[in-house]
Structure formats: structure tokens, C-alpha cells
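J.: The following block contains a protein sequence and its predicted model.
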Number of protein chains: 2
Amino acid sequence: METVHGEHIAVGSEILLGQLLNAHARTVSLAFAEEGFFLFHHVAVGDNLERIAHVLRQAAARSNVIILTGGLGPTEDDLTRDALAAVLGRELKLVPEAVAEIESFFALRGRPMPEVNRKQAMLIEEGEFLPNPNGTAPGQYVFGDGVHYFLLPGPPLEMQPMLKNHVMPRLRKLFPGASSLVSRTLHFCGIGESTVNEQVMDLLALTNPTVAPLASEGEMMLRITASADNKESATQQIAPIEAQLRAQFAPYIYGADNDSLPSVVGDRLRARKETLAAAESCTGGLLSSMITAVPGASEYFGGGVVSYDNSVKSGVLGVSKETLATYGAVSEETAREMALGVRKVCGTTYGVSITGIAGPDGGTELKPVGLVYIGLADSSVCNVFKLQLRGSREQIRLRAAKQLLWRLWGMLG
Amino acid sequence: METVHGEHIAVGSEILLGQLLNAHARTVSLAFAEEGFFLFHHVAVGDNLERIAHVLRQAAARSNVIILTGGLGPTEDDLTRDALAAVLGRELKLVPEAVAEIESFFALRGRPMPEVNRKQAMLIEEGEFLPNPNGTAPGQYVFGDGVHYFLLPGPPLEMQPMLKNHVMPRLRKLFPGASSLVSRTLHFCGIGESTVNEQVMDLLALTNPTVAPLASEGEMMLRITASADNKESATQQIAPIEAQLRAQFAPYIYGADNDSLPSVVGDRLRARKETLAAAESCTGGLLSSMITAVPGASEYFGGGVVSYDNSVKSGVLGVSKETLATYGAVSEETAREMALGVRKVCGTTYGVSITGIAGPDGGTELKPVGLVYIGLADSSVCNVFKLQLRGSREQIRLRAAKQLLWRLWGMLG
């Protein structure tokens, strides 16, 4: 049975100039992955007839489903229709019904249709229009030389519903028996990527399911992907590998798929009906911001204090001036008093703290850039951990916040 | 004279599966556009030796500068080195100095180098390593069959500085005559993109210099690009257009090129030798985090309070319980007392505040999602602005923070 070999081609010079992020490539990939359709290539090309035709020919030689986005507007620069017609050796024909639809789109907005927009009613021979309720450019479906082409407009709010409502249902009909691809992503923190990889060499060598490591800032993921006749059987192939990994790396696997460190910490706090407050120095609000980016965080997050200046550490959090004078702002003692202080000031179950040197300046031999203390306090105890982080200011801040969230997640387990 | 025909190839199945947005394509495009180098193709391909080699051969046939990102990790899945070596018919050789560097990277973290990481010290014959201070995977520069290849690691915080510090300077040397293009980007806030575009229709129609709008979250940019025989003359062509725009949009243009809202606010505070504190409710630390992301922010940022829970608003910031009961947490009155309170508590020149409903839940007919109050207080007065923002939770939080920074920048002018 024929399977999908998909390809996405984004057309538009603004993408090649860096003015626009090619988010459609991801949108199409996610839709394909959801269905278990393979998508092997993303391409982006500018508004140039020859170059669009060139990448179309290359795509047709390796793919049987080609999704094109962009280049369906009314201007001289909109060349997707012309390029595909040229590649297939077909004519473009004006469709009067399509002109009428575009005219009515303008009429609803109280304007006459500009003459240039007639171009959007030009259909590739033997093609079929795909309706676009949110704009003037209809899409097109064309089959030629064994390849299914879908032409979609560039604006995301027009393209996305057309992909969902017209392209994917048609592909499901065209490829009913497509093998099902199911993925499961496990999130790790507190352990190095290379350490994990070394311990799962055997899994990384598998061919179905496959296990692939994904690096991320301050954490990593392993993605298990199984291909089978149907979703159920693919899912069943994933289960034993996930179980093995969870047994092997229990303290480090904090979540799966769409989980994030702030979301799993939030889940545990919510389940325990407990609350949290954060005192931040070098992360300057980043930790609180990550926690509150999760919808509903107000259920368990009381608040935080960004104690950048020492006067705020002592004045608001109650860190003793003697501690600051004796041990300095970046010290185990200050981290402890910050965590205890913010817990008291905000009246929460837990108080956490971060103090360190994010750089690029401010480091000394004794306290180098990247030295960070994190504190976790509950009603009875405050544990402080000393970290030596590497990287840029941005990396150190992000890694410090993630390390704290991971340890907090463990403490709440 | 030879000109750059650039191409970017992103390697990684996570991109084709839609798990990762291919942001590197845009990063590379922006860097090339900045230099006046042409970049005609973006390609993304999965972790498959044959397919990587296939797109490399196609790229080599049309491009003379190829930037590859990803696939330089230590695992079986990391195949970029192998694919390029195969395409060029060259060997991969272990470089002892590179092993030593990777070992020292691990040693600094108090760990031995896992055996798998030796793979990252494999250099393509006649190639050259590009240093990566932020990770274990060095980059590589290889020249072969008329094509300049640059292999960069996938993690953005490793890739970006290598592109800037190693790839672009080398390309400038390799293609010295290509840089007759000069760009100047003006940053706007507080005015809608379509409003700006409508008022500069004549400029957008220019062919040299060109003026192009760039959308961004909660702000926008206009990029003026001039092409000439030399940089000086290109720069001279930009000046009158910049002057015209600055005259037309003075209150909205907060900066140029690498400026950001937090950086220009910081510049003005530093120049005035004044200090700032922030009280945040719905932004939950995001504003403070943006301010403190700028190196040296401790010079002017005293600290902040994330007053998520009302008890923190009253207990720490001194917002009166009567105000909260009468007007609610999201109100002009609460915003005012938060700004005044954080200024007092942190002992700074200015106090600013944000309180609002970021959604997706929590909105009512009277106080819908997106309703945000921002307060700006100095020693004599506190101005509060009411905003009705649109978008997702993330967008509302970011736009609220930017609106506040823009108004603060204006106030400090």
C-alpha cells in the first residue's frame, strides 16, 4: 500500500530574508505526525518563478504529497500557481465562479474587488479550488504525475483552518491505510544529556520503535516513536520502552509530552493543596515568570520577591545584614534566609530562593560567574544546594531556574 | 566578483515531526540579510544519513555557502558530519586536541568525558574546528568543490554566538566585495503596525533604499536597507529616511538596531543615576525578568515584588484591603497603590506596577481577559493607564510588560 511521503514548501522572500518565521512548516509537520503520515522535507524558497519551479521538480522526484504555503496573493510577486502550472505543463484558467466569490468577499467589506485580485481566481488545469472563508485567496488541489499538490495561502489564520478542514480529511481518504506513527517524549532534568545517552545506547540503536535524544536548555528529552498498522499497536510498542526508561531514570524523568517543569511542579502543588513563594536575585523574576506562565498558577503561587539590591534582601525578605556582610549576597546562608524569608512574608507552604552570579561581569576567583545557590524551605527545614553553572548570562539564569524547579518537583513527590 | 548564494539546512527529525520550530532558519537569514548576502533556500531534513546526503548534494549544486545546524551531538542519530564527509568523499579523523577540549569541558563540571563524546572530536578531512564555548560540540568549517560548509550545533545558545563570532566574520573575509548593503532597523512601540504602514506607503514602495516593516510581539520595526558601492554611501542614503521617520513618529521610536525596550529604559535610568522597582501581578515576574536580562541591570534595578496573591499585595506592598475589596485586584486604584508601594518598599526613584487578567480564564463581562492596568510612580505622582490587550496568555503578558516599558521610557525622556 502506498504511504505518504510528505513535503512542505514555504514560498515567500520574507522568509528567506528572516522577516518572517516559517511557522507553517511546523504546523504542517504536527498535522502530519498526528495522522502518522511521514513528512521528510521542509523547503523554503523566495518569490522567484525559476527557483519555485526548481524546488517543485526536486520535491516531485521524492515526495507524493506536497503542501505549498504562500504565493497565492494578487501581486506580481505571487507565483506559486504559475510555477506549478509550468512544472506540470498545464494552463491556468480563469474560473468565473471564483471571481464572483472574491467579489462577494470584498462586497461584504463594502469595497469593490480590485482588478489585480482576478488573478486569485486562476485555477491550474484539472485542479480544484479549496474554499478559504477567511481571505480572498482560495486554495487549490492538483494531482499530477503521481503527486498530490495542495496550494494554501500564507496568512496563518487562513492557512490553518484550510489545512485542518480540507487538506487533512482529503489525505485521510487518499491514504486510508497509512501506517500510524505514535510518539512519546520523556522530559529529563538534573542529569547530563551525554550521561543519559551513554546509558541508553542500546535503545538509540533500535529501528522501530526509535529512541532519539533531544537537547534543550538545562534539560533534555528522549523521544520514543513507533510505527505500526494502527495507533493502538504503535502505542503498545512504546509502553515497555517507556517503562524501562522510567525505572532506570526515575528521579530525573519529570514529565512527558507537553509537560514542562513549571507545569509538573504546579500539578503536584495543586494536588497537595499547597502554595509556593519565590525569592530571586540573579534570575531577577525569571523563575516566577516561568511558574506564572502556566494558566491557573494563581491557585498555588502566592508571589515572589525579586531582591536584586541587598536593601531589598534585608528590608523585604528579612535577610540579616550581618549575614550579608559576613557571607555576601551569593552564599548558602543568604539563600537560606531568602527562602525562609519569602515563605514567611508571602505566607505560603514553601519558599524557594536563588542567588548567584549570572555574569558576564561580577565574578571573582572565589565566587566565579555561574556560582548559584538555590534554597528550598518548608515549615521545618531549608535545604540549600550549591551549583556551578556554565554559559551565557541567559543560560545561567535559565539553568538555575530549571534546577530549582526540578529539585522542588522531587521534594513534592 | 563571486557573490554569496547561501543555503541553510536544518538537520533533525524533531523539526520534521513538528516538535521543534526551525528558528535557526530565520536566525541565519537575518544574519545574511544584515551583511547583504543572498540566501535563497531553507531546507530541513531528518536524522537519516541518505536524506541528509541527498539534500547536501542538491544544495551544493546551487549554493556556494551552506550553513548546517544540528546533528553534531554525540549519539548515533547525529549524522551531519558523516553525511558531509560522504558527499565530499573525505574521511573523518579524530583530533586529539579536540578530545582534550571536550574532556576539559566535562572536567570543569567534575565529570569524566563519556566515551560517546569522542565522536564530537571527529573532523572532516581538510576541515577546521570552530570553537563552541557553550557546549561540547565544536563547529566545523569545510571547503570542498567550490562550496563553503559551516557545521553548527543545534542548541540555540550554542549556535547563535558561533554564527555571529565565527561564521559571519569568515564570510565577510571570503566575500569582501559583497557588503555594499547597509541596514538600519528602527524599533516602534505604542503604535499599531497597520497605522505605521499606512502612513509610510510611499517609503514602502521605494526600491533603493528599501523600507520593510517587521512585525514583532507588542512592537514593530521598520528596516531601511540601502545598497551602494561602499558602506559609507549606503549609510548616507539611509540617513534622510531615518530622519524623516524619526520626525514623523518621535514618541514611538524608542531605539534602533540592537536596542530593546529594557535596554533603552536601562540606558536612561543609568544616565539619570536613578533606580527602579516593579510590582507585578498578571505578568508574574516577566517584567522584572526582562529588565534584569540586560547585563548590568543591578546598577538601576532595585528589585520587585510578584504580588500574585492579594495577601502579598497588602502584606508586602501595602495595598489597602479596602481598596482590594472595593475596586478589586484588577483596578486603577490597586495599580496605583502597587506602584507607590513597591517604590517605597524597595526605596527606589520610580515604582511601576502591572495588574490585569492574562487569561485564558478569569475574565468577566466587566473585567474581560486582556484588561490590564499599568502604574508609573515617582516621588510626586503616579500615573495609571488602562489597556485592553488581545491574544493568548503569553501575548497579553508580554504586551503588558512592553507597554509599561515603553511608557516608562517616555517618562524618562
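T.: Received, thanks.
J.: quick one: the helices in the stretch 1-150 of chain A?
T.: A:13-16, A:23-35, A:49-60, A:80-88, A:96-108 (DSSP state H, counting those that start in this stretch).
J.: can you put those in CSV and add mean neighbour count and mean pLDDT?
T.: All C-beta atoms are positioned from the backbone trio N, CA, C, and that covers glycine. Putting these into CSV (neighbours: other C-beta atoms under 10 Å in any protein chain shown; pLDDT from 0 to 100) gives the following:
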stretch, mean neighbour count, mean pLDDT
helix A:13-16, 23, 89
helix A:23-35, 22, 91
helix A:49-60, 19, 98
helix A:80-88, 22, 98
helix A:96-108, 14, 90
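J.: Dump the ones you listed into CSV; add distance to A:Val4 as well.
T.: Listed next are the helices of the stretch 1-150 of chain A as CSV, based on distance: least, C-beta to C-beta, whole Å:
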stretch, distance to A:Val4
helix A:13-16, 24
helix A:23-35, 7
helix A:49-60, 14
helix A:80-88, 19
helix A:96-108, 28
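J.: Tell me which of those lies nearest to chain B.
T.: Nearest to chain B, of all the helices of the stretch 1-150 of chain A, is helix A:23-35, at 3.3 Å by C-beta to the nearest C-beta.
J.: so A:Phe385 makes contact with A:Ile374?
T.: Yes. Taking contacts as C-beta atoms under 8 Å, A:Phe385 lies within contact range of A:Ile374: 5.2 Å.
J.: For stretch A:308-318, buried residues please.
T.: Going by neighbour count (16 or more other C-beta atoms under 10 Å in any protein chain shown), the buried part of stretch A:308-318 is A:Tyr308, A:Asp309, A:Asn310, A:Ser311, A:Val312, A:Lys313, A:Ser314, A:Gly315, A:Val316, A:Leu317.
J.: In CSV: these, plus secondary structure and distance to chain B.
T.: Below are the buried residues of stretch A:308-318 laid out as CSV (DSSP: H, G, I helix; E, B strand; the rest coil; distance: C-beta to the nearest C-beta, whole Å):
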residue, secondary structure, distance to chain B
A:Tyr308, coil, 4
A:Asp309, coil, 4
A:Asn310, helix, 10
A:Ser311, helix, 6
A:Val312, helix, 4
A:Lys313, helix, 8
A:Ser314, helix, 11
A:Gly315, helix, 7
A:Val316, coil, 6
A:Leu317, coil, 10
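J.: Now for A:Phe385 and A:Ile374: what residues contact both?
T.: Common neighbours of A:Phe385 and A:Ile374 (criterion: C-beta atoms under 8 Å, 6 or more residues apart in numbering or on different chains): A:Gln403, A:Arg407.
J.: Looking at the two, which one has more neighbours?
T.: Per other C-beta atoms under 10 Å in any protein chain shown, whichever of A:Phe385 and A:Ile374 has more neighbours is A:Ile374, with 26 against 14.
J.: Specify the local secondary structure of the more buried one.
T.: strand (DSSP: H, G, I helix; E, B strand; the rest coil).
J.: Tell me what it is bridged to.
T.: Beta-bridge partners recorded for A:Ile374 (DSSP bridges): A:Ile354, A:Phe385.
J.: Could you do A:Glu280 as well?
T.: A:Val306, A:Ile354.
J.: Name all residues that make contact with it.
T.: A:Leu286, A:Leu287, A:Ser288, A:Gly304, A:Val305, A:Val306, A:Ser307, A:Ser353, A:Ile354, B:Gly285.
J.: Packing partners of the one helix or strand in chain A whose mean pLDDT sits lowest?
T.: The helix or strand of chain A with the poorest confidence is strand A:210-216; it has a mean of 84 (mean pLDDT, DSSP states H and E). With contacts defined as 3 or more C-beta pairs under 8 Å, 6 or more residues apart in numbering or on different chains; DSSP states H and E, strand A:210-216 has these neighbours: helix A:193-199, helix A:201-204, strand A:219-228, helix B:13-16.
J.: Check the ones you listed for me and report the most buried one.
T.: Of all those, helix B:13-16 has the most neighbours on average by mean count of other C-beta atoms under 10 Å in any protein chain shown, namely a mean of 26.
J.: quick one: is that one near chain A?
T.: Yes. Contact of helix B:13-16 with chain A (C-beta under 8 Å from any C-beta of the partner chain) involves B:Ser13, B:Glu14, B:Ile15, B:Leu16.
J.: Return the backbone torsion pair for the closest residue to A:Ile253 other than its chain neighbours.
T.: Leaving aside its sequence neighbours, A:Ile253 sits nearest to A:Leu186 (C-beta to C-beta, 6 or more residues apart in numbering or on different chains; 5.2 Å). With angles defined as degrees, to the nearest 10, A:Leu186 sits at phi -100, psi 130.
J.: okay, the helix or strand where A:Thr323 lies in CSV with CA atoms only?
T.: Secondary structure from DSSP states H and E places A:Thr323 in helix A:321-327. Only the C-alpha atoms of helix A:321-327 are listed here, as CSV (Å, rounded to 0.1, in the frame of the first residue of the first chain):
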residue,chain,number,x,y,z
LYS,A,321,22.6,42.5,57.5
GLU,A,322,25.1,40.5,59.4
THR,A,323,24.7,37.5,57.1
LEU,A,324,25.1,39.7,54.0
ALA,A,325,28.2,41.4,55.5
THR,A,326,29.8,38.2,56.6
TYR,A,327,29.0,35.7,53.8
